[in-house]
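Participant: below are the sequence and a predicted model for it; my questions follow.
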Protein chains: 2
Amino acid sequence: MNHEPRTKKAVILLSGGLDSTTVLAIAKQAGFEVYALSFKYGQRHEIEIIAAQNVAKSMGVSGHKIAEIDLRIFGGSALTADIDVPKERHVNPAHIPITYVPARNTIFLSFALAYAETIGAFDIFIGANAIDYSGYPDCRPEYIQAFENMANLATAASIEDKGKFKIHTPLIEMSKADIIKTGLSLGVDYSITTSCYDPSPTGTPCGKCDSCTLRLKGFKDNGMEDPVL
Amino acid sequence: MNHEPRTKKAVILLSGGLDSTTVLAIAKQAGFEVYALSFKYGQRHEIEIIAAQNVAKSMGVSGHKIAEIDLRIFGGSALTADIDVPKERHVNPAHIPITYVPARNTIFLSFALAYAETIGAFDIFIGANAIDYSGYPDCRPEYIQAFENMANLATAASIEDKGKFKIHTPLIEMSKADIIKTGLSLGVDYSITTSCYDPSPTGTPCGKCDSCTLRLKGFKDNGMEDPVL
């Protein structure tokens, strides 16, 4: 007799950074069988991929796909084109920072949707954050909701009425300090994560970019030092 | 003095097939400066890319990007995985055909959105068709509308209030015969297009798959023969 409920599968967008690693821990804690999806997207820091692989391995995912997509063909961002990453905190919320990559989360979520559909998952987790974020339009709750609405019209699964897609954003209203606190309570090892926009060739974080600054402050707010800085 | 209105740019998803080639002609006719976007997505028929390049060149686009994305990592479709393409017309609209590629149009439109944003375009054209289509969920008008809504929340351009994205689907209510008629009236040379799901290694269409069958009928309805079959 086999009456136990089947574990639900979820796809987690995993960059190997602090946020997405925390999201993976949250999805596991919620009882999902987790499948990670990472991207090689022509970013300067392929060190991210190594971090994502380490995180996926250490946290026991059921699958990990790495999609290669070359966003450099479009240019338009300090993260993918030959533009210097700014070394001061971005403070003007009315202006989109140069580290914004056009349509990045839309592309990432689209691939996550394809992955989810092929494995029969209806739950997608992304570490979007609307509090400490750097002014990215595709981290706002209204954007996430619009993507979810679209996903539920986009797929064979939605026509065949097998389920309803849900985009989970457990970090969306959390401060960086709260994210770190949550991750620590779930046993996340932040020493294997990487967040820097502009690391050295060997992967050492710069300690100065938006991403490093936010992360440093988050650990400080928890009365700790960042294990990678 | 420079008072003439600036030409509006548009991104056109171009597979090199009959539909997208007609869409390119329609966008040009409407006065847009056209930028084509094609994909190498692990499809069996890279002959599509050659056709897209020939079409782009012969129709005078201002730019043509070819994005490499490997959808084979997910599998799940006869067009990207090692599954035979069916050789009979798909007739059951309640069942999604095996040639459906999970989330394909969502991924394609996401890249088009990135391209549009980097060149300052707000108009995206796609050859989606809801009449002669083969039961794909992501060819329905309600899906296209949902993508457009999402796109207008996804981008820096939408926050900075520079314009509003519009997904154009000029073929959505046309029969294949009407599409061909429209294209011919705009001077489209269909001999350089390719539509077959399962061509020979040298690019000869099979004449039997869904896509070939629809195309043959479309020419026949115009009292013509398909120039490639």
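Facilitator: Perfect, I can see it now.

Participant: flag the shaky bits of chain A, pLDDT-wise.
Facilitator: Where chain A drops to pLDDT under 70, the residues are A:1-6, A:43-45, A:76-100, A:132-134, A:161.

Participant: at which residues are the helices of it located?
Facilitator: Assigned by DSSP state H, chain A shows helices spanning A:18-29, A:47-58, A:104-119, A:141-154, A:156-159, A:176-185, A:210-221.

Participant: and the longest one, C-alpha only, in CSV?
Facilitator: Put plainly, it is helix A:104-119. Output in CSV follows, covering the C-alpha atoms of helix A:104-119 (Å, rounded to 0.1, in the frame of the first residue of the first chain):
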residue,chain,number,x,y,z
ARG,A,104,17.1,39.3,-16.7
ASN,A,105,14.6,38.0,-14.2
THR,A,106,12.1,37.5,-17.0
ILE,A,107,14.5,35.4,-18.9
PHE,A,108,15.5,33.5,-15.8
LEU,A,109,11.9,32.8,-14.8
SER,A,110,11.1,31.7,-18.3
PHE,A,111,13.7,29.1,-18.2
ALA,A,112,12.5,28.1,-14.7
LEU,A,113,9.0,27.7,-16.2
ALA,A,114,10.4,25.4,-18.9
TYR,A,115,12.3,23.3,-16.4
ALA,A,116,9.3,23.2,-14.1
GLU,A,117,7.0,22.0,-16.9
THR,A,118,9.4,19.2,-18.0
ILE,A,119,9.7,17.8,-14.5
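
Participant: what angle separates it from helix A:141-154?
Facilitator: Angle, helix A:104-119 to helix A:141-154, by axes from the mean of the first three to the mean of the last three CA atoms, to 10 degrees: 40 degrees.

Participant: how far away is residue A:109 from residue B:13?
Facilitator: Distance check for residue A:109 against residue B:13: by CB to CB, to the nearest Å, it reads 19 Å. All C-beta atoms are positioned from the backbone trio N, CA, C, and that covers glycine.

Participant: kindly report the same for residue A:182.
Facilitator: In this view, residue A:182 and residue B:13 are 41 Å apart by CB to CB.

Participant: who's more crowded, those two?
Facilitator: residue B:13 (24 against 18; other CB atoms under 10 Å in any protein chain shown).

Participant: show me the beta-bridge partners of that one.
Facilitator: Residue B:13 has the following beta-bridge partners by DSSP bridges: residue B:37.

Participant: got a list of what it touches?
Facilitator: Contacts for residue B:13 (CB atoms under 8 Å, 6 or more residues apart in numbering or on different chains) come out as B:20, B:23, B:37-38, B:108-109, B:112, B:124-127.

Participant: and residue A:188, by the same measure?
Facilitator: Residue A:188 sits next to A:21-22, A:25 when contact means CB under 8 Å, 6+ apart.

Participant: now, among the contacts of residue B:13, which is nearest to residue A:209?
Facilitator: Nearest to residue A:209 among the contacts of residue B:13 is residue B:112, at 29.5 Å by CB to CB.

Participant: tabulate the contacts of residue B:13 (CSV), appending distance to residue B:214 and neighbour count.
Facilitator: Shown next, in CSV, are the contacts of residue B:13 (distance: CB to CB, whole Å; neighbours: other CB atoms under 10 Å in any protein chain shown):
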residue, distance to residue B:214, neighbour count
B:20, 14, 27
B:23, 16, 29
B:37, 23, 29
B:38, 21, 23
B:108, 20, 23
B:109, 22, 31
B:112, 24, 28
B:124, 24, 26
B:125, 20, 27
B:126, 17, 27
B:127, 13, 25
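
Participant: I figured residue A:59 was touching residue A:23, is that so?
Facilitator: No - counting by CB atoms under 8 Å, residue A:59 stays clear of residue A:23, with 10.8 Å between them.

Participant: on that earlier part again, can you tell me which of the contacts of residue A:188 is nearest chain B?
Facilitator: The nearest member of the contacts of residue A:188 to chain B, counting by CB to the nearest CB, is residue A:21 at 21.7 Å.

Participant: right, and that closest one touches residue A:54 too?
Facilitator: No - applying CB under 8 Å as the test, residue A:21 and residue A:54 come out as separate, 9.7 Å apart.

Participant: quickly list what's touching both of these two.
Facilitator: Counting by CB under 8 Å, 6+ apart, the residues touching both residue A:21 and residue A:54 are residue A:192.

Participant: related to what we said a few turns ago, any of the contacts of residue A:188 buried? List them.
Facilitator: Applying a neighbour-count criterion of 16 or more other CB atoms under 10 Å in any protein chain shown, the buried members of the contacts of residue A:188 are A:21-22, A:25.

Participant: out of the helices of chain A, the one nearest residue B:145 is which?
Facilitator: Nearest to residue B:145 among those is helix A:141-154 (8.5 Å), distances taken as CB to CB.

Participant: which helices and strands does the closest one pack with?
Facilitator: Here helix A:141-154 touches helix A:104-119, strand A:166-168, helix B:104-119, helix B:141-154, going by 3 or more CB pairs under 8 Å, 6 or more residues apart in numbering or on different chains; DSSP states H and E.

Participant: mind redoing it with 6 Å?
Facilitator: Under the contact criterion of 3 or more CB pairs under 6 Å, 6 or more residues apart in numbering or on different chains; DSSP states H and E, helix A:141-154 touches strand A:166-168, helix B:141-154.

Participant: who touches the first one?
Facilitator: In other words, strand A:166-168. A:123-125, A:144, A:147-148 (CB atoms under 6 Å, 6 or more residues apart in numbering or on different chains).

Participant: one more time with 7 Å, if that's ok
Facilitator: Contacts to strand A:166-168, defined as CB atoms under 7 Å, 6 or more residues apart in numbering or on different chains, come from residues A:109, A:122-126, A:144, A:147-148.

Participant: which of the residues in stretch A:15-33 are buried?
Facilitator: Counting neighbours by 16+ other CB under 10 Å, stretch A:15-33 gives A:15-28, A:32-33 as buried.

Participant: farthest pair within the residues you listed?
Facilitator: The most widely separated members of the buried residues of stretch A:15-33 are A:18 and A:33, with 23.1 Å between them, by CB to CB.

Participant: hmm, back to that, quick one, which of the helices and strands packed on helix A:141-154 is packed in tightest?
Facilitator: helix B:141-154 (a mean of 22; mean count of other CB atoms under 10 Å in any protein chain shown).
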